[in-house]
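# next comes the sequence, and after it the predicted model I'd like to discuss.
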Amino acid sequence: MAHLKNRFIGSVVVLAMLAVVGCNQNVPGDGDGGDGGDDLAPKIPPQSTFVIELEDFEDANTNGDVGTNGMVDVGTNGAIERGNWLYAGGTTFVWNVILTVNLVVPVAAFVESFNHQPTLGADGIWRWQYDFRVFSINHSAELQGQINGATIDWNMFLTKEGEYTDYNWFSGQSNILGTSGTWSLNRDPSNPSPFIQIEWNHDEETGENDIRYTNVIPDSDDNGGYIFYGVNNETPYNAFYEIYRAAQDATTEMEWNRETKEGRVKDPAHYGDDEYRCWDDSLIDTECPEDGA
């Protein structure tokens, strides 16, 4: 992965890609963990276990151009200093590219799985089989789920006519309660090697969840780098990112309120100290509260 630059080039939400993905809608799916219409089938882990939300910073580059002094030109309103919010959003850029470009096919396949019913094979494996489209190109998918005691094993096999057949793009394991699990993603079929490891937790009762993407590319300078995202019921900040850039041995931490949008960011490598920098509900730089809240 390239070194994160001190700027933001617009955050694109992963799920926005569905605007260019032709999905079958024959069988409604809840998208938040589904049983495919059969009470005996294992429950597919929710989309939040596979897709990191990035929309809270998606407007960072639509309000104007970022200057070298951290100022944003917002047209007739003049220049408003939003450097802290912009820097926080900018640190998500590399992972945003990975999610919206490198993983567009496996993510689209996973999202589409909630719209289909599975069948149970004689081998004890449940199979969700369906076609889907990405950028108007036809693909086929087979998501397999097998219950093994207190865990469920998952495998996604993808086919693109004329290019690859039954490529095991990702696999995973979840507990039978659907509260925690992992996914292991490979690179694309032209380079079938380890790529991203996902660890997730999901509490349906409280609404709290978290997901960590870790770079597991062999021999990569950023091997071990990660983005960790979560939502909780804490105040005043109920969402967070922690981004570790292994090549620079640098960490960015940010917290914000998903409703008011106020938040704070800490990055010793960038700011030169271990203090938080804050922004208000208008995303403008502000002094952080003395109590640290």
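Sure thing, it's come through.
# could I get the full set of helices for the chain?
83-90, 93-97, 104-113, 268-271 (DSSP state H).
# which intervals of the protein have sub-threshold pLDDT?
1-38, 58-80, 291-293 (pLDDT under 70).
# find the residue at the geometric middle of it.
The centroid of the chain falls nearest to residue 52 when counting by C-alpha atoms, centre = their mean (1.9 Å).
# coming back round to it: of the helices of the chain, flag the one that's most buried.
With neighbours defined by mean count of other C-beta atoms under 10 Å, none of those is more surrounded on average than helix 83-90, at a mean of 26. Where you see a C-beta, it was placed from the backbone N, CA and C, and this is true even at glycine.
# roughly how far out does that one sit from the chain middle?
18 Å (C-alpha atoms, centre = their mean, to the nearest Å).
# pretty sure residue 178 is touching residue 45, no?
Yes - contact criterion C-beta atoms under 8 Å: residue 178 and residue 45 qualify, at 6.0 Å.
# neighbour count winner among the two?
residue 45 (27 against 17; other C-beta atoms under 10 Å).
# in space, what's closest to the more buried one - neighbours in sequence excluded?
residue 174 (5.1 Å; C-beta to C-beta, 6 or more residues apart in numbering).
# just give me the neighbour total for the one you found.
Applying other C-beta under 10 Å, we find 24 residues neighbouring residue 174.
# which ones are touching the nearest residue to residue 227 once chain neighbours are set aside?
Leaving aside its sequence neighbours, residue 227 sits nearest to residue 95 (C-beta to C-beta, 6+ apart; 4.5 Å). Neighbouring residues of residue 95 by C-beta atoms under 8 Å, 6 or more residues apart in numbering: 52, 54, 213, 227, 243.
# and residue 95, how close does it get to residue 290?
Distance from residue 95 to residue 290, counting by C-beta to C-beta, to the nearest Å: 33 Å.
# so in terms of bridging, what pairs with the closest residue in space to residue 112 that isn't next to it in sequence?
Nearest residue to residue 112, sequence neighbours excluded (C-beta to C-beta, 6+ apart): residue 132, at 4.4 Å. Bridge pairing for residue 132 (DSSP bridges) gives the partners residue 139.
# one more: residue 155?
residue 144, residue 171.
# okay, now the residue lying closest to residue 247 once chain neighbours are set aside: neighbour count?
Residue nearest to residue 247 in three dimensions, not counting chain neighbours: residue 221, with 4.1 Å by C-beta to C-beta, 6+ apart. Using other C-beta under 10 Å, residue 221 has 15 other residues around it.
# in this structure residue 221 contacts residue 249, no?
No - Residue 221 is beyond contact range of residue 249, at 10.8 Å (criterion: C-beta under 8 Å).
# anything in contact with each of the two?
Joint contacts of residue 221 and residue 249 (C-beta under 8 Å, 6+ apart) do not exist.
# what's the first-to-last distance across stretch 84-103?
29 Å (C-alpha to C-alpha, to the nearest Å).
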